[in-house]
Structure formats: structure tokens, C-alpha cells
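**Student:** take this sequence and fold it.
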Amino acid sequence: MDTQQPMTFELSNSRESVVLITLLGCQSCEQTLKQMKMYNFNAFEFDMIVLTFLYPGVYYADDKIARHDAFLKELTVSKKYIVLEETINQLEITSFPTLMRITPDGKVIGTYLADAHQIAPHFQSSDTNIAS
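**Tutor:** You can find the predicted model right below:
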């Protein structure tokens with residue numbers, strides 16, 4: 001998000017990845033991001049990635065972008081990306097926020113609703129089992 005340049009990223013080939021997909025301006029997404037700031041994701045046994053869907057109607061919504069960016073800056077997550085509609089369609093995401101659990105070989109093993117009141121169990125288990 002900082003470079004504003006198109007890029008790709010690779011999932012870890014040795015650890016599970018957990019991907020949080022949010023929608024810019026989504027109140028439920030903002031509540032989830034607020035809840036997530038209590039966790040030190042550097043200490044978890046998975047890679048945490050945050051994807052923010054920037055839909056066409058908000059390209060110039062500077063206030064929403066700034067507010068969302070402020071939430072993200074409070075997280076101990078280094079992998080934060082903006083994605084466009086093509087990516088969301090490829091991932092077949094229809095609700096926000098969504099949490100995906102992905103194996104090191106790229107297999108999606110779970111897609112979950114990630115509302116703030118449901119997010120804690122995903123990160124509190126010592127074995128990082130995020131199944132709903």
C-alpha cells in the first residue's frame with residue numbers, strides 16, 4: 001500500500017498464510033481491523049496478509065483511504081496490499097471482511113466471516129487453528 005505500484009506476492013512455502021480481505025469504507029472491516037491491533041502477528045506461526053479491496057467508486061475517496069490506512073498502520077502486519085475488482089472476482093469473495101487460511105502449497109483450507117466479534121477465536125488458539 002505504501003508504494004502504490006502494482007506487484008505480486010508469494011505465500012510462504014513453509015508456513016500457513018492467513019489472508020484478511022477487507023473492503024475500503026466497510027464499517028465491519030474497520031471494526032475487525034481495530035480488534036486485530038491487539039495481536040502481535042510477528043509471534044504467530046503463520047504469515048498474516050491483509051488485502052484491501054479498492055472498488056471503483058472510492059478511487060478518490062481520500063478520507064476513507066486515510067482512515068483505512070490508519071487502521072492498517074496500527075497492525076503488526078508487514079504484508080498489506082490494495083487489490084482491485086479482478087482479484088476479488090478471482091478469489092470469489094462476496095462478503096467483507098473475509099479470512100482465508102491457505103496451506104504452504106497454496107491450497108485454501110478455509111474461508112471464514114471475519115467480523116470483529118468473531119475474529120478473536122481465530123488468533124487466540126495456541127495451535128493457530130482458525131477454523132470456525
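**Student:** tell me the contacts of D105?
**Tutor:** N13 (Cβ atoms under 8 Å, 6 or more residues apart in numbering). Glycine gets a C-beta too; all of them are placed from N, C-alpha and C.
**Student:** tell me what the longest helix seen in the chain is packed against?
**Tutor:** Among all segments of the chain classified by DSSP state H, the helix with the greatest residue count is helix 62-73. In this structure, helix 62-73 packs against helix 27-36, strand 46-53, with contacts taken as 3 or more Cβ pairs under 8 Å, 6 or more residues apart in numbering; DSSP states H and E.
**Student:** what residue is smack in the middle of the protein?
**Tutor:** In the chain, the C-alpha closest to the average C-alpha coordinate belongs to L20, at a distance of 2.1 Å (Cα atoms, centre = their mean).
**Student:** before we move on, back to that, what's the angle between the longest helix of the chain and helix 27-36?
**Tutor:** Inter-element angle recorded for helix 62-73 and helix 27-36: 30 degrees (by axes from the mean of the first three to the mean of the last three Cα atoms, to 10 degrees).
**Student:** just want the angle from helix 62-73 to strand 46-53.
**Tutor:** With the same axes, to 10 degrees defining the directions, helix 62-73 sits at 180 degrees from strand 46-53.
**Student:** in helix 62-73, what's buried?
**Tutor:** Within helix 62-73, the residues scored as buried using 16 or more other Cβ atoms under 10 Å are I65, H68, F71, L72.
**Student:** same question for stretch 44-60.
**Tutor:** Going by 16+ other Cβ under 10 Å, stretch 44-60 has these buried residues: F46, D47, M48, I49, V50, L51, T52, F53, L54, V58.
**Student:** lovely, talk soon.
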